[in-house]
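Peer 1: when you get a sec, could you give me coordinates for this:
(one chain, ligands or ions: 2)
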Amino acid sequence: MDYIKQKLIDVAIPKANKVRELVKEHGDKVIQEVTMGQVLTGMKGVVGLMTCTSKLDPEEGIRFRGYSIPELKEKLPKMHDDGEPLPEGVFYLMLTGEIPSDDDVKYISEQWALRAQGIPTHVYDVIEALPKDAHPMIQFNTAILAMSTESQFRKAYLVGMDKKDYWDPTYEGVMDLIARLPIIAAYIYRRVFHQGRHIQADPSLDWAGNLAHMMGHDSEELRRLMRLYMLIHSDHEGGNVSAHATHLVGSALSNPYYSFAAGMNGLAGPLHGMANQDVMHWLNKLKREIGSEDPSEEQIKAYAEDTIRKGRVIPGYGHAVLRKTDPRFQVQLDFANKYIPDAPYIKLVNRIYNVVPGVLTATGKVKNPWPNVDAISGSLLTSYGIAEYPIYTVLFGVSRALGVLTQLIWDRLYGLPIERPKSQNLQWFIDQVD
Ligand SMILES: CC(=O)SCCNC(=O)CCNC(=O)[C@H](O)C(C)(C)COP(=O)(O)OP(=O)(O)OC[C@H]1O[C@@H](n2cnc3c(N)ncnc32)[C@H](O)[C@@H]1OP(=O)(O)O
Ligand SMILES: O=C([O-])CC(=O)C(=O)O
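Peer 2: Ligands and ions are numbered 1, 2, ... in the order given. So this is what the prediction gives:
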């Protein structure tokens, strides 16, 4: 047996027992009061999910199984001493709760390289049937659904598997899916932006390094950036749209492919993962309208105020939970300041950072005026030569698979049931106050 599976069984059994005990012995315990305002403004702050892979603190940002991003950079195995941690390591950490050894990370890298080889030809046929100018997220999601013909979960379910074992085919599907996503993402990228001149995977490379290689950006610098990108976008606790949608659809025992496609449809929204593309449009429109490649802070301020006046959001700023600068923004800024401090887009990102929080604060309604992860990721990728903005959300999605699919395995290990909250009509809400 795959030794990670054995490890999971050992770690999960006492935890699954604890979940059952909590439901049985303490199911009536009141844990929170919920206000009408919370329900009518997106359920912010309502504890409605159990997620173990990561936890978000409004002031401090994300921690993966207790480890902050700077701690991960220090503790997770790396390819080179000055390099970024391998995303295989954060996957292992989220899955098992333990910091992996070099051998654990190598094992996952090899597993994914092996499993990546089995993509059926109909998946490429389905992609090719779409127009080249269909947004890459349409192509990505369609390919994910097309890959669900391979679902081992569905087959196991149909032969009547005992439900306490559902986690096993879920694990298999998750490992296959994560292994294959970089190939699909690179295929779409080369199809849309590089005349379909595809590049074969190099099984000797790590998962993120291979993605950069297959996209045709084969320098060690870009592989390093891709490892960082894949690490920091991988999870953001359970309530964000992509994680929540994956979990919700998975709770109907939909297979990992269906569940993940649901999450990716959410990621494609402009208030979530698509903001990384929209930031670039906002930034370029700013330069065009001002007529300068190097706009001043005064000019940026006037443009940002104009965006607000027109009733639009400034992409890359604000957050539903965070109340400080996103550490994922900060770590990318540190990376940029270390390796490419003079890149024009990075200078612009810094200048916007000086101005936009003040503009948003002045509205009096924005709860978090600080930049989120999307405020810089596109500028960083562009500065390294990946300047095709519509691929950015696909890259985000490849990374997000690590967290949301790990959680799906845990949902099955815990034996969580179908999710079905109660809804009420408007009259019911009015009746509560009349
Ligand atoms: C990976 C990620 O998903 S990170 C988020 C990526 N998305 C973006 O960057 C898009 C821009 N940001 C936003 O739209 C929001 O800040 C969100 C969607 C991230 C969070 O939304 P909410 O939790 O509703 O934010 P908040 O409670 O602060 O909203 C209050 C008001 O401020 C507005 N607001 C919030 N952020 C911004 C912003 N960046 N620019 C302009 N207005 C904003 C809201 O639209 C809302 O206006 P309304 O009352 O007129 O409807
Ligand atoms: O946490 C959220 O709501 C959005 C976000 O930053 C993410 O999912 O990465």
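
Peer 1: give the contact list for the residue in the stretch 51-200 of the chain that ligand 2 sits nearest to.
Peer 2: When scored by C-beta to the nearest ligand atom, the stretch 51-200 of the chain has residue 56 as its residue closest to ligand 2, at 6.1 Å. (Each C-beta comes from the backbone N, C-alpha and C, glycine too.) By C-beta atoms under 8 Å, 6 or more residues apart in numbering, the contact list for residue 56 reads 62-63, 236-237, 321-322.

Peer 1: between those, which is closest to residue 282?
Peer 2: Among the contacts of residue 56, residue 322 lies closest to residue 282 (C-beta to C-beta), at 19.6 Å.

Peer 1: and the closest one, what pLDDT?
Peer 2: You'll see residue 322 listed with a pLDDT of 98.

Peer 1: returning to that earlier point: in three-state terms, label the residue of the stretch 51-200 of the chain closest to ligand 2 for me.
Peer 2: strand (DSSP: H, G, I helix; E, B strand; the rest coil).

Peer 1: what pairs with it across the strands?
Peer 2: Here residue 56 sits in beta bridges with residue 62, going by DSSP bridges.

Peer 1: near ligand 1, which residues of the protein show up?
Peer 2: 271-273, 275, 308, 313-320, 360, 365-368, 372-374 (C-beta under 6 Å from any ligand atom).

Peer 1: which among these count as buried?
Peer 2: The neighbour-count test (16 or more other C-beta atoms under 10 Å) marks 272-273, 275, 308, 313-320, 360, 366, 368, 372-374 as buried among the residues of the chain next to ligand 1.

Peer 1: out of these, which are inside helices?
Peer 2: 275, 308, 360, 374 (DSSP state H).

Peer 1: out of those, who's nearest residue 206?
Peer 2: residue 374 (24.7 Å).

Peer 1: give me the neighbour count for residue 22.
Peer 2: Other residues within reach of residue 22, judged by other C-beta atoms under 10 Å, total 12.

Peer 1: ok, it - contacts?
Peer 2: No contacts exist for residue 22 under C-beta under 8 Å, 6+ apart.

Peer 1: model confidence score at the residue of the chain found nearest ligand 1, please.
Peer 2: The shortest separation between the chain and ligand 1 is 2.1 Å, found at residue 318 (distances taken as C-beta to the nearest ligand atom). Looking at residue 318, its pLDDT is 98.

Peer 1: and for residue 118?
Peer 2: Residue 118 is assigned 85 on the pLDDT scale.

Peer 1: quickly note the distance from it to residue 147.
Peer 2: Distance, residue 118 to residue 147, using C-beta to C-beta, to the nearest Å: 10 Å.

Peer 1: do residue 251 as well
Peer 2: Separation of residue 251 from residue 147 (C-beta to C-beta): 21 Å.

Peer 1: that's all I had, so thanks and see you.
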